[in-house]
Each structure stands twice: as structure tokens, then as C-alpha cells.
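In: Using only what follows, build the 3D model:
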Amino acid sequence: MLRPQNVLDKLIRRIKTYDEFLSVRFVKGRKSQGAEKPVTSFFVACFVGEIHKEKDARSNRSFEAQLCFQVYAPFDKGASELSALCVNLMDALDRADTENEISDIKITPAVYDKDLCTQTQMLQAKLLWEMSPSNDEEPLPLPTGDSVEIFVNGKAAKVLSAQTTATDEVYVLRELLCGDTGVISKGKNYTLEIKVRSDSDPFEACEKPDIALKQTDESCLFRSCVAKKITENSEPKNADVRCYSFLSLQREITKRNGE
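Out: Numbering: from 1, shown residues only. Presented below is the predicted three-dimensional model:
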């Protein structure tokens, strides 16, 4: 993932090669020195706006930045010519985005800039990047049906289906304006997807239950499971079904021979 300024520079270089923008100047926005007056030709001030980053409990990360293009018209041109150029810029930006890094483009209404004595209009493009960590373990091969046995806080319970996935949880050492610098592993977390009948739900009165799943030659105990998502739906010829997505940070494995 390139830093936002690099993405902005890359897009501008491509747009400047298009015939309809050969006479349009592209400058860096938010410079310390003021723009020249009067404005005698169309120019676009480009800069990176708001930046936002999120990371959820499963280490899925999303990154969002606003790429801003402040378009200025010459003092002898009106809002109609300005808006036409902004629409052309929107189309050019979409063509220049060959890596599909932009998820949204919008144009704000034209306003009059009293300092430069000319019309101006803003085009904003949302730079969006998401990454889900790869799972290094396949889901446990548990049977499906109405006779899958699990243990909730030590008590046996019947469920319709159950499977687990292990994921590495990492700290991402990234500075938004300086690129990636690596990751530090924090350990594993475990996701349990369990489907139950609503009329025999073993989790209904549980808060952070311990859940054990039995395999052919081992038993896996997941401690202090937190329900991250619960959905309920009706299935034909069956009672209502609830689907749980639990998160656990602790797994204990017991082999059949007691290890």
C-alpha cells in the first residue's frame, strides 16, 4: 500500500498526459506562499485531506484517505466552464485509477473565492484499502446436523454445526505518511462459528462461556468466548436458527491419551 501522497502524485502524473488536461496546471495545495493573482488559466490545487484507519478484533484493517482537488477557474470564466472541467476531471480520475484504489468520487458546489476573485470547486476522491489476515489453519473438520455435541461451561449441549478458525493477531507498524515498516505478532485468536436451534440455545444465559469441541483424537477448549455477532433466521421445516460468531484468545488442546 502506497502512502496517500504517493497515490495522489501517481494519479496526477497519469491525468496530466490526457489531451484534455494538457493546458491545465496541477499544483500542490496548502503551500505556504499564496497563489498568483489574477487567475488567468484553469489550475488544480491537489492535497491529501482527512486520513482514517481502523482495526477490529480479528485484525481486519481498513484505511481511508481523502484525495482533494481544488479546481480554480480563470477570472474571466464562470461556474459552467468550471463545472464542466470538474466533471471531466472526475472521469479522468476514474480512468487513471487502474489499480481500483478509489471507492468514491464527489464534486462539491462551486463557490466564489474572495481572495483570488474567481470561482472554485472541490473534487474529493476516497482512497480505500482493506486487508483481512490470511488464516494459517483450516477450519476444524466437524460434522454437521442436529447431533453435533459441544460442551458449554463443562455441560454437554447439542448444536446444528460448529467450526473454528485460527488467525494471527498482529501489531502493524505503519506510519500513514511513511509506508509500511513491518509487523509484530501478538499471538493467535480463534473464531468459533456455531449454529444452534433457538428453542434449545445453550448460550442464551451465558456471558463469556468456555466452549469445548471434541475431535477424533483431541478436544479443544476455548476460554472466555465473546459473542461478536449473533444472527437469527427461520429455515424451512425447522425451528428458528441462531448463528453465533464467538471470539476467543485462549485455546487448550487435550489429546485422547491425556496430553
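
In: Break down the protein into its helices, ranges please.
Out: Along the chain, counting by DSSP state H, helices occupy 4-15, 79-96.

In: Most tightly packed of these?
Out: helix 4-15 (a mean of 18; mean count of other Cβ atoms under 10 Å). Backbone N, C-alpha and C define where each C-beta goes, glycine included.

In: Counting by contacts, list what it packs against.
Out: strand 43-55, strand 61-72, helix 79-96 (3 or more Cβ pairs under 8 Å, 6 or more residues apart in numbering; DSSP states H and E).

In: I'd like the average pLDDT over the shortest one.
Out: I take that to be strand 61-72. The pLDDT scores in strand 61-72 average 88.

In: List the strands paired with it, with their directions.
Out: Strand pairing for strand 61-72, determined by DSSP bridges: strand 43-55 (antiparallel), strand 118-131 (antiparallel).

In: Now it: buried residues?
Out: Buried residues in strand 61-72, counted by 16 or more other Cβ atoms under 10 Å: R61, F63, E64, A65, Q66, L67, C68, F69, Q70, V71, Y72.

In: can you check the first one too?
Out: By neighbour count, with 16+ other Cβ under 10 Å as the criterion, the buried positions of strand 43-55 are F43, V44, A45, C46, F47, V48, G49.

In: mind saving the C-alpha coords of that strand as CSV?
Out: The C-alpha trace of strand 43-55 is given here as CSV (Å, rounded to 0.1, in the frame of the first residue of the first chain):
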residue,chain,number,x,y,z
PHE,A,43,-5.5,25.2,-12.3
VAL,A,44,-6.0,22.4,-9.8
ALA,A,45,-4.5,22.5,-6.2
CYS,A,46,-4.1,18.9,-5.1
PHE,A,47,-3.6,17.7,-1.5
VAL,A,48,-4.3,14.8,0.9
GLY,A,49,-7.2,15.6,3.2
GLU,A,50,-8.6,13.6,6.2
ILE,A,51,-7.0,10.2,6.9
HIS,A,52,-8.6,7.4,8.9
LYS,A,53,-7.6,3.9,9.9
GLU,A,54,-9.4,1.1,11.8
LYS,A,55,-8.5,-2.3,13.1
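
In: Specify the beta-bridge partners of the residue nearest to V87 when sequence neighbours are not counted.
Out: Nearest non-adjacent residue to V87, counting by Cβ to Cβ, 6 or more residues apart in numbering: I107, 7.3 Å away. Counting by DSSP bridges, I107 forms beta bridges with L123.

In: Let me see the contact set for I107.
Out: The neighbours of I107, taking Cβ atoms under 8 Å, 6 or more residues apart in numbering as the test, are S83, C86, V87, M90, Q121, M122, L123, Q124.

In: can we see that at 7 Å?
Out: Listed by Cβ atoms under 7 Å, 6 or more residues apart in numbering, the contact partners of I107 are C86, M90, Q121, L123.

In: Noted, bye for now.
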